[in-house]
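[1] sequence unknown, structure follows:
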């Protein structure tokens, strides 16, 4: 029996990115189904805040990943002084 291969470690920031994306989609669906405009606007504002939170955690997740190969090659070059 073989074990399924996971695509790397999932961090809390990565989980929060997907959570906030799902929450924004849920709030958009509620806004589309809202009967009154004031409640739809409220749901859309909350969806925007959810997207902002997702972007914040996505930036943290991106910062955690290793730098591009060009940056590591420059740091490995011997100093000529």
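    Nice, thanks for sending it over. As the structure is a prediction and not an experimental result, all values here were calculated from the model. Numbering: from 1, shown residues only.

[2] what's the longest helix in the protein?
    Assignment by DSSP state H gives helix 37-64 as the longest helix of the chain.

[3] List the buried residues of that helix.
    Within helix 37-64, the residues that count as buried by 16 or more other Cβ atoms under 10 Å are 40, 43, 44, 46, 47, 50, 51, 53, 54, 57, 58, 61. In short, each C-beta sits where N, CA and C put it, glycine included.

[4] who touches stretch 35-44?
    Defining contact as Cβ atoms under 8 Å, 6 or more residues apart in numbering, one finds that stretch 35-44 is touched by 27, 28, 30, 31, 32, 34.

[5] One more: stretch 14-26?
    Contacts to stretch 14-26, defined as Cβ under 8 Å, 6+ apart, come from residues 47, 48, 50, 51, 53, 54, 57, 58, 61.

[6] before we move on, the earlier item: quick one: mean pLDDT for the longest helix of the chain?
    For helix 37-64, mean pLDDT rounds to 96.

[7] roughly how far is that helix from the heart of the chain?
    Here helix 37-64 shows a centroid-to-chain-centroid distance of 10 Å under the convention Cα atoms, centre = their mean, to the nearest Å.

[8] now stretch 9-22
    Chain-centre distance of stretch 9-22: 6 Å, with Cα atoms, centre = their mean.

[9] that older thread, any chance of the contacts of stretch 35-44 in TSV, with distance to residue 21, secondary structure and neighbour count too?
    Converted to TSV, those look like this (distance: Cβ to Cβ, whole Å; DSSP: H, G, I helix; E, B strand; the rest coil; neighbours: other Cβ atoms under 10 Å):
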residue	distance to residue 21	secondary structure	neighbour count
27	11	helix	20
28	11	helix	18
30	15	helix	16
31	16	helix	18
32	17	helix	10
34	21	coil	15
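
[10] Against residue 52, how distant is residue 11?
    Going from residue 11 to residue 52 by Cβ to Cβ, to the nearest Å gives 19 Å.

[11] do residue 40 as well
    Counting by Cβ to Cβ - residue 40 and residue 52 are separated by 19 Å.

[12] now residue 17
    Going from residue 17 to residue 52 by Cβ to Cβ gives 12 Å.

[13] before we move on, what about residue 33?
    23 Å.
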